[in-house]
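>>> here is my input, please return the structure:
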Amino acid sequence: MDSNPAMTTDETWVFNGIDGASGGYLLPEMTPSQVSALAQGGSLDLAAIDELKQRSFDLKNPHAGVEADARDLAETGWGVIFAYDADPALQEALSPLLALRKEQAGERFRVFAGTDGYRPGESKNEFLERHGMGPGPANPDKVPYYLLIVGDPVAIPYRFQYQLDVQYAVGRIHFDDIEDYARYAHSVRQAESGFRLAPRAAFFGVGNTDDRATSMSSEYLVKPLAENLAAAKVKWLTQAKSDRFPDWQVETIFKEDATKARLSSLLGGDQAPALLFSASHGVGFPNGDPRQIPHQGALICQDWPGPQLWREPLPQEFYFAGEDLSQSDNLLGTIAFFFACYGAGTPQLDEFAPQIWRDQPERRDLAPHDFVASLPRRMLSLPKGGALAVVGHVERAWGVSFYWGKAGAQLQVFEDCFERLMKGNYPIGYALEVFNNRYAELSSDLSSEMIEIKQFFKKPDDRKLAQMWTANNDARNYVIVGDPAVRLSVGSPATPRPALGEIVVKPAASPAVVGRDASPAVVGRGAPQVDFSLPQDLKQVQAGLDCYLNKLVDLMEKALNADAPLEVSTYTSQDMERVRYDAERFSGARLRLQTRIDINGDAQLVLPQEKDEVDPALWNYHMDMVRQAQASRLELLKTLVSAATGLADLIKPAA
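Alright, predicted model coming up:
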């Protein structure tokens, strides 16, 4: 990272990120020629580059890239993507958010779950193809523009998210506890139910002693960005009434003031702003270190004495982690943006060329598995009110995303993004498109340069190639932790921040999968639903228990009866509107596959007689539903046995 625009090629670049276990930099200092060598050692994904070249958003036009007004969910659509085998309890916990988005998106609301959900190993193109979409701009009638991924990046990988984010506005949430999903859903619902925050933005810039990385980010990013946005208020307030910005208060917390205590007051304390931007080192830990999962991506504050004065493991007093947020903190309605290594998450495998680590010929393991950083997860699930979204890096943050050689500071993408957020009518997913545009442009330029070098033997300009390569990596790795359709809602400067009430998570309903009606239609005969609620009149409790126990015994007899097998039938139709269900079959549809499984495991399968009649994709759909139906019957039997045992125990003492 350059600290001086006139730097010579003999000097080294210092990169963002501090190793919490040693106190040193996560990456060694490197010369531009060394970084250039890394770039030349990589391979080109020509298909992905071609798609990026086709991406052309005019961000002054709110209809850009989606052929709809990106501010209106009824036009853009909104969808949620679960893994195919996700726990149905997740949908139950997120029901306040899903109901809200269904109200807003109408017919363009979609739930991708069960057989419609993400399948292991799927690429973006494979997922979209299953839902009637090819590469290119979003068609909200098939796949919505705003997409929320629900689940950890092991089940739904970061690479899939990166690929999808080229043409769609994508976010992700993942929590360890079901209650946290419910808290986030309630936070978003309340934030969009009429309340307003005070229009305050805080820009937090660490500048540690003898550290070129944070000195550069504080001087060339945080300070000028805050000044430019504060000065722009004059322009905003003179615009037409319909396009006016609120009277934002822009505060800069700079260098010696950027302490952990000060950051604590901004992250959930009494000075929490509507919009928070932070630039600092992110903390990283070696693979297997017990602090890695809870602390990786934590924000190093001014409390760190710097690389010359501190050369040993970092104490937690130097950085702010998810554990530093308390139960009483409140970030309801806030959107945060972290410029720090691993601020949003960490991949299992090192994304960069193995030449950095000469003793390891293959990509090294950074972590035991991909994971979302704990700080943004905690921010979104605070009991008193969670943040709406956190934007940050998966992998490393690179300084050339805001500084470009002799051209100096490059702040336009940051300013454009924040201006759209501060207007209040632009969702975070659309506001962040300026970074996706930058990624598309850089990828196109980098690929052209690499082709000239590798295929036509052009002598590389090490400084130029190093800047392009690191800037491209940096631009790709921004992700949204949270719903990409959230937006800031601000009012007068005196507006108080409300708090959530207690969130009670109800047990999930039956494990039915909620998904989009698809063609071919896949139908399985479900098991009967049982109401286990007890009579309210205490005088009838004994009789009620006897009645329910008899019902359970009857249901178990039916479930175990060989004459009532499990049947799964798969139909296809060219015209779904003509399909009707009557007499336990579909009229207007063609029966393609049928499976019958007795309780003892004997199975019969009916296939079309004609050659090549079974399409592989159709077969996969059918077998997915067979497995799901078997699992559902097993769970029903377990539930019936458990309920019968429990009721029998209740009846015995009363006899």
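
>>> where are the low-confidence patches of the stretch 251-400 of the chain?
351-363, 398-400 (pLDDT under 70).

>>> so where do the helices sit in it?
Assigned by DSSP state H, counting those that start in this stretch, the stretch 251-400 of the chain shows helices spanning 260-266, 292-295, 374-380.

>>> tell me which of those is the most buried.
helix 374-380 (a mean of 26; mean count of other C-beta atoms under 10 Å). C-beta coordinates here come from the backbone N, C-alpha and C atoms, glycine included.

>>> what does it rub up against?
Contacts with helix 374-380, where a contact means C-beta atoms under 8 Å, 6 or more residues apart in numbering, come from 173-175, 180, 184, 187, 267-268, 293-299, 320-323, 325, 331, 334, 336, 338, 343-344, 386-390, 392, 481-482.

>>> make CSV out of the helices of the stretch 251-400 of the chain and add distance to residue 104.
Formatted as CSV, the helices of the stretch 251-400 of the chain follow (distance: least, C-beta to C-beta, whole Å):
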stretch, distance to residue 104
helix 260-266, 30
helix 292-295, 35
helix 374-380, 20
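
>>> what's the closest of those to residue 494?
Taking C-beta to C-beta, helix 260-266 is the member of the helices of the stretch 251-400 of the chain nearest to residue 494, at 18.7 Å.

>>> just the CA atoms of the closest one, as PDB, please.
Taking Å, rounded to 0.1, in the frame of the first residue of the first chain, the C-alpha atoms of helix 260-266 are listed here in PDB:
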ATOM      1  CA  LYS A 260     -12.000   1.200  21.400                       C
ATOM      2  CA  ALA A 261     -14.000   3.100  24.000                       C
ATOM      3  CA  ARG A 262     -15.100   5.500  21.300                       C
ATOM      4  CA  LEU A 263     -16.100   2.800  18.900                       C
ATOM      5  CA  SER A 264     -18.000   1.100  21.700                       C
ATOM      6  CA  SER A 265     -20.200   4.200  22.000                       C
ATOM      7  CA  LEU A 266     -20.900   4.100  18.200                       C
END
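
>>> nearest residue to residue 418 in space, please, no chain neighbours.
Nearest residue to residue 418 in three dimensions, chain neighbours excluded: residue 229, at 6.0 Å (C-beta to C-beta, 6 or more residues apart in numbering).

>>> thinking the one you found is in contact with residue 250, fair?
Yes: here residue 229 lies in contact with residue 250, judged by C-beta atoms under 8 Å, at a distance of 5.5 Å.

>>> next, show the common contact partners of these two.
Both residue 229 and residue 250 are contacted by residue 201, under the criterion C-beta under 8 Å, 6+ apart.

>>> picking that back up, to residue 212, which of the helices of the stretch 251-400 of the chain lies closest?
Using C-beta to C-beta, the nearest of the helices of the stretch 251-400 of the chain to residue 212 is helix 260-266, at 21.7 Å.

>>> which helices and strands sit right next to the closest one?
Applying 3 or more C-beta pairs under 8 Å, 6 or more residues apart in numbering; DSSP states H and E, we find helix 260-266 packed against strand 200-205, strand 249-254, strand 319-320.

>>> related to what we said a few turns ago, with respect to residue 118, which of the helices of the stretch 251-400 of the chain lies nearest?
Among the helices of the stretch 251-400 of the chain, the nearest to residue 118 by C-beta to C-beta is helix 374-380 (19.8 Å).

>>> hang on, isn't residue 316 packed against residue 295?
Yes: using C-beta under 8 Å, residue 316 is in contact with residue 295, at 7.5 Å.

>>> any common contacting residues for these two?
Listed contacts common to residue 316 and residue 295 are residue 323; contacts here mean C-beta under 8 Å, 6+ apart.

>>> any chance of the helices and strands packed on helix 260-266 in TSV with mean neighbour count and distance to residue 624 as columns?
Shown next, in TSV, are the helices and strands packed on helix 260-266 (neighbours: other C-beta atoms under 10 Å; distance: least, C-beta to C-beta, whole Å):
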stretch	mean neighbour count	distance to residue 624
strand 200-205	25	48
strand 249-254	19	52
strand 319-320	26	44
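
>>> to residue 282, which of those lies closest?
strand 319-320 (8.7 Å).

>>> contacting residues around that closest one?
20, 260, 263-264, 267, 283, 295, 298-301, 303-304, 375.

>>> which one of those residues is nearest to residue 502?
Set against residue 502, the nearest of the contacts of strand 319-320 by C-beta to C-beta is residue 267 (22.2 Å).

>>> distance of the closest residue to that closest one other than its chain neighbours relative to residue 627?
If the residues on either side of it in the chain are set aside, residue 267 comes closest to residue 325, at 6.4 Å by C-beta to C-beta, 6+ apart. In this view, residue 325 and residue 627 are 41 Å apart by C-beta to C-beta, to the nearest Å.

>>> more neighbours: which of the two?
Shown here are residue 325 and residue 627; by other C-beta atoms under 10 Å, residue 325 has more neighbours (20 against 12).

>>> burial of the residue nearest to residue 418, as a residue count?
Neighbourhood size, residue 229 [other C-beta under 10 Å]: 22.

>>> same deal with residue 152?
Residues lying near residue 152 (other C-beta under 10 Å) number 19.

>>> contact partners for it?
Counting by C-beta under 8 Å, 6+ apart, residue 152 has contacts 174, 370-372.

>>> got a winner among those residues for most neighbours?
Highest neighbour count within those, by other C-beta under 10 Å: residue 372, with 25 neighbours.

>>> next up, the contacts around it.
Residue 372 makes contact with 152-153, 172, 174, 344-345, 481, according to C-beta under 8 Å, 6+ apart.

>>> the residues you listed: which two are farthest apart?
Maximum distance among the contacts of residue 372 (C-beta to C-beta): 13.3 Å, for 152 and 344.

>>> check which residues of the one helix or strand residue 179 maps to are buried.
Per DSSP states H and E: residue 179 is located in helix 178-191. Using 16 or more other C-beta atoms under 10 Å as the test for burial, helix 178-191 gives 178, 180-191.

>>> where in the stretch 101-250 of the chain is pLDDT low?
Under the criterion pLDDT under 70, the flagged ranges of the stretch 101-250 of the chain are 232-246.

>>> one more time with 50
Scanning the stretch 101-250 of the chain for pLDDT under 50 picks out 237-238, 240-243.

>>> partner residues bridging residue 171?
Assessed by DSSP bridges, residue 171 has beta-bridge partners residue 148, residue 480.

>>> ok now do it, which residues does it touch?
Neighbouring residues of residue 171 by C-beta under 8 Å, 6+ apart: 147-149, 389, 428-429, 479-484.

>>> does residue 79 touch residue 102 like I think?
No: Residue 79 lies out of contact with residue 102 (C-beta under 8 Å); the separation is 10.6 Å.

>>> follow-up on the earlier one: export the contacts of residue 372 to JSON lines and append columns for distance to residue 73.
Rendered in JSON lines, the data for these read as follows (distance: C-beta to C-beta, whole Å):
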{"residue": "152", "distance to residue 73": "26"}
{"residue": "153", "distance to residue 73": "25"}
{"residue": "172", "distance to residue 73": "18"}
{"residue": "174", "distance to residue 73": "23"}
{"residue": "344", "distance to residue 73": "24"}
{"residue": "345", "distance to residue 73": "26"}
{"residue": "481", "distance to residue 73": "20"}
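
>>> helices of the stretch 401-550 of the chain, start to end?
Using DSSP H, counting those that start in this stretch, the helices of the stretch 401-550 of the chain run over 412-423, 428-431, 433-456, 462-476, 541-560.

>>> before we move on, what about the stretch 101-250 of the chain?
With DSSP H, counting those that start in this stretch applied, the stretch 101-250 of the chain shows helices at 124-130, 158-164, 178-191, 212-217, 223-237, listed in chain order.
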